[in-house]
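Engineer: I would like to see how this sequence folds:
(2 chains)
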Amino acid sequence: MEIDRVDGRTPNQLRPLACSRGVLYRAHGSASWTQGDTKVLAAVYGPKAGTKKNENPEKACIEVIWKPKTGQSGKLEREYEMILKRTLQSICILTLNPNTTTSVIVQVVNDDGSLLPCAINAACAALVDAGAPLKHLAVAICCCLAESGYVILDPSKLEEQNMKAFAYLVFPNALTTLPEGGLRVGGEPMEHGIITSVTQGAMSVDDYLHSLERGRAATAKMSAFLQKSLQPLLSDD
Amino acid sequence: MGLPDGSGDLLSEMDGDAFRRLFPLQFYESHFVKSTRPDGRSLTEARETSSALGAVASADGSALVKIGSTTMLAAIKMEVMTPPTESPDEGCIAIDFHMPPICSPTVRPGRPADAAPVVSKQLSDTILSSGLINLKELSLISGKAAWMAYLDIYCLDADGALFDAALLSAVAAFSHLQIPVVSMNDEGKVVVMSEEQGGKEAVNNGKRKLTLSSIPFSLTCILHKKYILADPTAEEESIMETLVTVVLDSSGQLVSLYKPGGPVLAYTSAIQDCVALTRQRARELQAILDEAISGMEVD
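Structural biologist: Sure, this is the predicted structure:
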């Protein structure tokens, strides 16, 4: 069953991606990530000495500040900060610089759907730009489920609001391509595990697993783009 | 931190409590190997759950829910309001989750807890997207008057699995909710009818309850290496940081699968295991809720 999307994309087609690194001069690392009309700017400052009161001083700590485009910060912003902080904590090597805090500031420039995945991608690129030690990269994508059970990727805001359910998924992505059969966990390669999943709207369990597969397939395209845009930084090493 | 070999030698010399404090991960792992947990539960067993409806007499609907030591008090107050022009036939629900300082030593007065706004938002998203309440039932007079339900959930004791307990208390409070009778007063406004005004014509017929369709039930699991632990305590949550919360409704649909990052990646097999555990837990919770409702109706 084909779905007609408003902007004429196929269900698996992503919006045009754009990533710029080093856009802010004072920040230790910065990146802006654009998916269609959704644009997010992320800046990384750190590591700074000392951790917050309730945090474990034997590990590095990540602090996230989310600034919406308009209005005051409310519960939505706090939730996104928590999700982003936990996602970034899982990709950073925290034992390398204990008792330090790395601040990641996310500024929403424009929201046209798929905002949290865009912010996660921007924060990840900003961390690479800052030279933070990472275990692997993270690639985030939004999958939307239509009434008919059809999965579409990277929805715009209008599509997100009209659909039955959507899921934000974040997958790990290794920078160097691993050999076939390398690093498999329980029969599945490492790239198939999900770091983060946030869903909204009711869907059947099979639909969710189906959208996981579609999301994984799409992250291959996104990670190719990510590697290409981060390439100039890597060749300096 | 102590090396694995070092802790092994110390284990024989050290007191159990000291080992638990100094090497918490090794302490827990030594239990997982035997498929058990320090509090005696199996890895997939949830804590004892109980619910009491009508805990707050002044509220229109209320419930007190305990999962292990985690205690949540939910109360609903109803207020008549004018519905917005975009949806003249629908009422509104406002959900708020509070973590007062009584609940945990880490929560200080004046500074809201980190978890509070997150759980609050998660709860509103889950309740509204599960279709638990049909907002059209909250309408009184189309375009002029509709109910606004204020649901407040207070955490009285935070011992892990806050979202599960909060969702259960919200569902229990909605099952207990009795919509008050209203009448039109002289100025043409709809007001809540009190007992004395028996003579006035009621706008809605008698106190009634809401019909709850597709009740959501949730289970939080911890993923640690190859183990899946159901219904963690606060100590377990602080040591092993990867949490997955699965919310299923009574028809088996997945309302939410919430995994906010964490060092352990979730593979398809782990997700399916968590969903299966949640299905089982949903049956247990449905039984507990039915028992509480029928106990209340007998009175």
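Engineer: Show me the shaky parts of chain A.
Structural biologist: A:1-3, A:175-191, A:233-237 (pLDDT under 70).
Engineer: residue boundaries of the strands in it?
Structural biologist: Using DSSP state E, the strands of chain A run over A:17-21, A:29-35, A:38-49, A:61-67, A:100-110, A:137-145, A:151-153, A:165-173, A:184-185, A:188-189, A:196-200.
Engineer: do the same with the stretch 51-200 of chain B
Structural biologist: Using DSSP state E, counting those that start in this stretch, the strands of the stretch 51-200 of chain B run over B:61-67, B:70-81, B:92-98, B:139-141, B:145-157, B:182-184, B:190-192.
Engineer: hmm, back to that, which stretch among the strands of chain A comes nearest B:I179?
Structural biologist: strand A:196-200 (27.9 Å; C-beta to C-beta). From N, CA and C alone the C-beta is placed, and that goes for glycine too.
Engineer: the inter-axis angle of that closest one versus strand A:165-173?
Structural biologist: 170 degrees (axes from the mean of the first three to the mean of the last three C-alpha atoms, to 10 degrees).
Engineer: and the angle from strand A:196-200 to strand A:137-145?
Structural biologist: Using the same axes, to 10 degrees: strand A:196-200 against strand A:137-145 is 20 degrees.
Engineer: hmm, strand A:196-200 in reach of chain B?
Structural biologist: Yes: for strand A:196-200, a contact with chain B is found by C-beta under 8 Å from any C-beta of the partner chain, at A:T196, A:S197, A:V198, A:T199, A:Q200.
Engineer: now these: which count as buried?
Structural biologist: Buried members of the residues of strand A:196-200 next to chain B, counted by 16 or more other C-beta atoms under 10 Å in any protein chain shown: A:T196, A:S197, A:V198, A:T199, A:Q200.
Engineer: Distance to A:A126 added to these, as JSON lines?
Structural biologist: Below are those laid out as JSON lines (distance: C-beta to C-beta, whole Å):
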{"residue": "A:T196", "distance to A:A126": "17"}
{"residue": "A:S197", "distance to A:A126": "22"}
{"residue": "A:V198", "distance to A:A126": "21"}
{"residue": "A:T199", "distance to A:A126": "26"}
{"residue": "A:Q200", "distance to A:A126": "26"}
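Engineer: Might you enumerate the residues of chain B proximal to chain A?
Structural biologist: So chain B meets chain A at B:1, B:106, B:114, B:117-118, B:120-122, B:125, B:129-131, B:214, B:226, B:241-242, B:249, B:252-263, B:265-269, B:271-272, B:275 (C-beta under 8 Å from any C-beta).
Engineer: Buried subset of those residues, written for PyMOL?
Structural biologist: Selecting only the buried entries of the residues of chain B next to chain A in PyMOL, with 16+ other C-beta under 10 Å as the criterion:
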select buried, chain B and resi 117+118+120+121+122+125+129+130+131+241+242+249+253+254+255+256+257+258+259+260+261+262+263+265+266+267+268+271+275
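Engineer: So which of the residues of chain B next to chain A are in strands?
Structural biologist: B:D249, B:L254, B:V255, B:S256, B:L257, B:Y258.
Engineer: quick one: contacts for the third one?
Structural biologist: Remark: with contacts taken as C-beta atoms under 8 Å, 6 or more residues apart in numbering or on different chains, B:V255 is in contact with A:G201, A:A202, B:T126, B:S129, B:S130, B:P216, B:V247, B:L248, B:D249.
Engineer: looking at the strands of the stretch 51-200 of chain B, which has the lowest confidence?
Structural biologist: Lowest mean pLDDT of these: strand B:190-192, a mean of 73.
Engineer: Kindly list the longest helix within chain A.
Structural biologist: helix A:205-234 (DSSP state H).
Engineer: picking up where we left off before, in CSV: the contacts of B:V255, plus distance to A:T34.
Structural biologist: Formatted as CSV, these follow (distance: C-beta to C-beta, whole Å):
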residue, distance to A:T34
A:G201, 26
A:A202, 31
B:T126, 31
B:S129, 28
B:S130, 34
B:P216, 36
B:V247, 33
B:L248, 36
B:D249, 37
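Engineer: B:L138 touches B:L177, doesn't it?
Structural biologist: No: B:L138 is beyond contact range of B:L177, at 10.6 Å (criterion: C-beta atoms under 8 Å).
Engineer: between these two, which one's more packed in?
Structural biologist: More neighbours surround B:L177 than the other of B:L138 and B:L177, with 24 against 21 (other C-beta atoms under 10 Å in any protein chain shown).
Engineer: Return the distance of that one relative to chain A.
Structural biologist: 22 Å (C-beta to the nearest C-beta, to the nearest Å).
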